[in-house]
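>>> below are the sequence and a predicted model; questions follow.
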Amino acid sequence: MSVFKALEKPLNITSSISDRQFEIIEAAGKILTVSGVSGLTIKNIAKEMKFSESAVYRHFTSKEEIIISLLDYLAKDMDDRYTRVISKEQSPENKLINLFQSQFSFFKENPHFAVAVFSDGLLEERESINETIIKIMKVNMKHLLPIIIEGQLKEVFTNSLTAEELAHIVTGALRLQMFKWRIANFQFDISTNGNNMIQSVLTLIKKNKS
């Protein structure tokens, strides 16, 4: 199934994890940041947490399940954050800015989530991991597409492209910025660079008033 077809399927977000499970996925994220996918093993997670491997297995059955829980948590957190930072009273332009700034601020504080999404080799691990990453993309589209549509109806954003095409351009710019930050080992300020990128995207998609 293509990514675009998968995005058309209904979105189902459920993320209920215990405090201990959250500690485990945070430890997994730290290992991903330092050692990449190859270094993410139950043995290394147990070592990071000063647990026995059996103690980790009491909460998760496999490395794959830990990665999926990490990505599920990100999808739920994104959905909640986007709902909080976007209100009906805001202009489409401000909604888009707030959406982007929320994402950049979150990843700045939690870079290991960026590693989980943008790690080389992670996408090839399991189909279930791919499906969870698609869920994150669907959360983004759930909140982004209505903003684009509203902006077009109010003649703030260009109508030269469809709302879906503009949403894919905006999402692509966001993902490229995050990927550049990831491969630069987080050496630049993602908030500053991200805000500059937001303004560039707005310049690109805003309707020409002339």
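All right, it came through fine. Numbering: from 1, shown residues only.
>>> which residue packs closest to the residue nearest the centre of the chain, ignoring adjacent ones?
Nearest to the mean C-alpha position of the chain, by CA atoms, centre = their mean, lies residue 136 at 5.7 Å. Spatially, and ignoring its direct neighbours in sequence, residue 136 is nearest to residue 75 (4.8 Å; CB to CB, 6 or more residues apart in numbering). No exception for glycine: its C-beta is placed from N, CA and C like everyone else's.
>>> checking that neighbour next. Helix, strand or coil?
Put simply, residue 75 is helix when judged by DSSP: H, G, I helix; E, B strand; the rest coil.
>>> that one and residue 140: what is the separation?
Applying CB to CB, to the nearest Å, the value for residue 75 to residue 140 is 9 Å.
>>> ok, residue 68 next?
Residue 68 is 18 Å from residue 140, by CB to CB.
>>> go on, residue 131?
For residue 131, the distance to residue 140 - CB to CB - is 15 Å.
>>> of the two, who's got more company?
Taking other CB atoms under 10 Å, residue 131 and residue 140 do not tie; residue 140 has more neighbours (22 against 14).
>>> surely that one and residue 172 touch.
No: applying CB atoms under 8 Å as the test, residue 140 and residue 172 come out as separate, 11.1 Å apart.
>>> what ranges do the helices span in this protein?
3-7, 19-35, 42-49, 53-57, 63-85, 92-109, 111-118, 127-153, 163-183, 190-205 (DSSP state H).
>>> and the second one, what other elements does it pack with?
Contact analysis of helix 19-35 by 3 or more CB pairs under 8 Å, 6 or more residues apart in numbering; DSSP states H and E lists helix 42-49, helix 63-85, helix 111-118 as its packing neighbours.
>>> pLDDT (mean, whole number) over the last one?
Within the predicted structure, the mean pLDDT of helix 111-118 is 81.
>>> try the second one
Confidence over helix 63-85 (mean pLDDT, whole number) is 92.
>>> please apply the same query to stretch 33-47.
Averaged across stretch 33-47, pLDDT comes to 87.
>>> just the CA atoms of it, as CSV, please.
Taking Å, rounded to 0.1, in the frame of the first residue of the first chain, the C-alpha atoms of stretch 33-47 are listed here in CSV:
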residue,chain,number,x,y,z
THR,A,33,20.5,9.3,19.7
VAL,A,34,23.9,8.0,20.6
SER,A,35,24.2,4.6,18.8
GLY,A,36,21.5,4.5,16.2
VAL,A,37,19.2,1.6,15.4
SER,A,38,22.0,-0.9,15.5
GLY,A,39,22.7,0.0,19.2
LEU,A,40,19.1,-0.3,20.3
THR,A,41,18.9,-3.7,22.0
ILE,A,42,17.0,-4.9,25.1
LYS,A,43,20.5,-5.5,26.6
ASN,A,44,21.5,-1.9,26.1
ILE,A,45,18.2,-0.6,27.3
ALA,A,46,18.5,-2.6,30.5
LYS,A,47,22.1,-1.4,30.9
